[in-house]
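>>> build me a model from this:
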Amino acid sequence: MSDGIFIGGGGPDYSDAQKLSLKYANRHGLIAGATGTGKTVTLQILAEGFSAAGVPVFLSDVKGDLSGLAEAGSETFKLHGAFSSRAATIGLTDYAYTAFPVTFWDLFGQDGHPVRTTLAEMGPLLLSRLMELSEAQEGIMNIAFRVADEEGMPLLDLKDLQALLVWVGENREALSLRYGNVAPQSVGAIQRQLMVLENQGGAQLFGEPALDLADLMHVGADGRGQINILEASKLMGSPRLYATFLLWLLSELFETLPEVGDPDRPKLVFFFDEAHLLFDDAPKALVDKVEQVARLIRSKGVGVYFITQNPDDVPEDILGQLGNRFQHALRAFTARDRKALKRAAETYRPNERFLTVDAIRDVGVGEAVTSMLQDKGVPGIVERTLIRPPSSRLGPIDADARRAALAASPVAGKYETLVDRRSAYEILKDRAAHAAAEAAHAEEVAEEQSVAEREFNAGRRYSGKRVERSTAQRRGGSTAGSFGEAITGAVLKELNGTTGRRLVRGILGGLFKGR
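Okay, the predicted model is just below:
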């Protein structure tokens, strides 16, 4: 169907075609259901349908099963007979096996193309969320990003931020006068969290070349949209990193893409699997940001589909934005489960043939209770739908097939080589080296002076100059120096004495030792 994606068959005998209108596909959606009820297959057939319609897709492969999209199904597969029978039942007369264009991505660069961003693009809010910082620590993170911007020091990778935080800690007195209190304990706590993030593999997320969003929106010469699969089976070991990365990517799409109004089909469809990880213990500011993105990104031509076990995992304000629903079975084993089941049923437009609450409880594997937007964006009547079988392989592909897909990818070789250009770490390292060299030179000059010269110079501390009134304006200059000059003056003052010079050499010179 050129104007929609065939989902499956509904009605008493499953012969009524159920489809997702491409015109309303960017109104977002929800795929929910208990473990083992068929959510992954629903996600797979939706990705196939969007790709066939020329719509690029981004999804995460949490269990490793969705790599099968890159390979056609087979008649030798054990479920071939069941798939063929189901296709006949729901009226899918042109059912055939086929592979789809797939690009594999991996934050760790092992099972897909490396995907990176910079610290500057991530920003202090999401980075603080990623590291679970307190409000005071988040404030210092904001100060660090502000200083980096004012001082022209790009923040690209973790070592840039680690070096900048050392500089912030050393200059905390001057910074506190302008930005507020900078406690050394908070700086130390942030450094510890950065170390934890680095140990979890987060260092590989930050750097260049950063991901170009255009590479996620590729449409092939055959008119099919590229399916971008993020390898997430290892990433799920760091759930906060997983959720923050996907939220960053969604935010980047929202901030970068132009307004397109109401297109005939989406420009990109984004599937957010294990959506509960995004909202667990999330601060209100973060939930508000997600709600804003979900509400406004529709006009950018992007559809967002959340996948989770229970609709209650998604905040109510965001759940109300999800117009296309694919609800697999919810089991009611406890009183809490029964309440959740009832709440889920209340969100659907009723069908006189059955009770929605019974249907959600009783649908089998491969079935779902569906409701999709119809003309003028009106929610469709809820229907028990037998989901169509996938055309691609059900299950993961082997290592050789993955390597072949990576070699044939439109971005092959673009992100594999890490680029480490001059940024905050290198700038601060050069400043430290320059300060240490000046301190060493001053110490050598002092040591070469005779005892009499040193005593004479020490005795000339009174200049005899007339002290001007504090309200008098300096001639030929401004009444106040820049913030950078104030910092420089403070540092030079500390360098006047031999002990100060040695201290600076020891701290600043040793800061970058072994890097």
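
>>> low-confidence ranges, the stretch 401-515 of the chain, go.
449-515 (pLDDT under 70).

>>> next: the chain.
1-2, 449-515.

>>> so which residue is dead centre in it?
A centroid search over the chain (C-alpha atoms, centre = their mean) returns Phe245, at 2.1 Å, as the residue closest to the centre.

>>> that one and Leu205 touch, don't they?
Yes. Counting by C-beta atoms under 8 Å, Phe245 touches Leu205, with 6.6 Å between them. Bear in mind the C-beta positions are built from the backbone N, C-alpha and C, glycine included.

>>> tell me, what's touching the two both at once?
107, 117 (C-beta atoms under 8 Å, 6 or more residues apart in numbering).

>>> report the longest helix in the chain, please.
helix 424-448 (DSSP state H).

>>> list the helices and strands that one packs on?
Counting contacts by 3 or more C-beta pairs under 8 Å, 6 or more residues apart in numbering; DSSP states H and E, helix 424-448 packs against helix 158-170, helix 498-511.

>>> same thing but at 10 Å, please
helix 135-150, helix 158-170, helix 451-458, helix 483-494, helix 498-511 (3 or more C-beta pairs under 10 Å, 6 or more residues apart in numbering; DSSP states H and E).

>>> and it, how far out from the chain's middle?
Mean-position distance between helix 424-448 and its chain equals 40 Å (C-alpha atoms, centre = their mean, to the nearest Å).

>>> what's the angle from it to helix 158-170?
50 degrees (axes from the mean of the first three to the mean of the last three C-alpha atoms, to 10 degrees).

>>> give me the buried positions along helix 424-448.
Across helix 424-448, burial judged by 16 or more other C-beta atoms under 10 Å covers 424-429, 432, 435-436, 439, 442-443.

>>> list the contacts of the helix or strand hosting Arg192.
Element membership for Arg192 (DSSP states H and E) is helix 184-199. The contact list for helix 184-199, computed with C-beta atoms under 10 Å, 6 or more residues apart in numbering, reads 127-128, 130-134, 136-141, 143-144, 158-159, 161-162, 165-166, 168-170, 172, 183, 202-206, 238, 240-241.

>>> for the buried ones among those residues, write the corresponding ChimeraX selection.
Remark: buried members of those, expressed as a ChimeraX selection using 16+ other C-beta under 10 Å:
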select :127,128,130,131,133,137,138,139,140,141,143,144,158,159,161,162,165,166,168,169,170,172,202,204,205,206,238,240,241
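
>>> next up, the contacts around the closest residue to Val55 other than its chain neighbours.
Excluding the flanking residues, the one nearest Val55 by C-beta to C-beta, 6 or more residues apart in numbering is Gly225, at 4.6 Å. By C-beta under 10 Å, 6+ apart, Gly225 lies in contact with 47, 50-57, 100-101, 217-219, 265-269.

>>> please redo it, this time with the cut-off set to 6 Å
Counting by C-beta atoms under 6 Å, 6 or more residues apart in numbering, Gly225 touches 51, 54-56, 219.

>>> tell me the buried residues within the residues you listed.
Among those, the ones that count as buried (16+ other C-beta under 10 Å) are 51, 55-56.

>>> in this protein, mark out all the strands, start to finish.
For the chain, the strands defined by DSSP state E occupy 4-10, 16-21, 29-32, 57-61, 102-106, 113-114, 227-231, 268-272, 302-308, 324-327, 367-371, 383-387.

>>> picking that back up, which one of the buried ones among the contacts of Gly225 sits closest to Ala72?
Ser51 (13.3 Å; C-beta to C-beta).

>>> separation between that closest one and Gly225?
5 Å (C-beta to C-beta, to the nearest Å).

>>> then Leu119?
For Leu119, the distance to Gly225 - C-beta to C-beta - is 31 Å.

>>> could you do Ala329 as well?
Taken as C-beta to C-beta, the span from Ala329 to Gly225 is 30 Å.

>>> equivalent analysis for His328, please.
25 Å.

>>> then Arg178?
In terms of C-beta to C-beta, Arg178 sits 49 Å off from Gly225.

>>> and what of Thr117?
23 Å.

>>> burial count for the closest residue to Val411 other than its chain neighbours?
Spatial nearest neighbour of Val411, excluding adjacent residues (C-beta to C-beta, 6+ apart): Asp215 at 5.0 Å. Counted with other C-beta atoms under 10 Å, the neighbours of Asp215 add up to 19.

>>> next one: Leu125
17.

>>> and Ala53, by the same measure?
21.

>>> residues contacting it?
Applying C-beta under 6 Å, 6+ apart, the residues contacting Ala53 are Leu22.

>>> 10 Å instead, please
If you count contacts by C-beta under 10 Å, 6+ apart, then Ala53 has 1-5, 20, 22, 25, 223-225, 265-266, 269 around it.

>>> what do Ser51 and Gly225 both touch?
57, 100-101, 219, 269.

>>> helices of the stretch 201-350 of the chain, residue ranges please.
239-256, 276-279, 284-296, 316-319, 335-346 (DSSP state H, counting those that start in this stretch).

>>> look up how far Gly413 lies from Val290.
Distance from Val290 to Gly413, by C-beta to C-beta: 34 Å.

>>> ok, those two, which is more surrounded?
Val290 (24 against 10).

>>> nearest residue to that one other than its sequence neighbours?
That would be Ile318: by C-beta to C-beta, 6+ apart, it lies 6.2 Å from Val290.

>>> the one you found and Thr40, how far apart?
22 Å.

>>> and if you look at Asp312?
Counting by C-beta to C-beta - Asp312 and Thr40 are separated by 20 Å.

>>> who has more neighbours, these two?
Each of Asp312 and Thr40 has its neighbours counted (other C-beta under 10 Å); Thr40 has more, 20 against 17.

>>> got a list of what the more buried one touches?
Thr40 neighbours (C-beta under 10 Å, 6+ apart): 31, 61-63, 65-66, 273, 307, 390, 394-395.

>>> can you rerun that using 6 Å?
Asp65.

>>> cool, and the one 5 residues further on?
Residues in contact with Ile45 (C-beta under 6 Å, 6+ apart) are 388, 390.

>>> one more: the one 4 residues further on?
In this structure, Gly49 makes contact with Ile5, judged by C-beta under 6 Å, 6+ apart.

>>> what do you get for Val115?
105, 107, 211.

>>> likewise Leu161?
119, 155.
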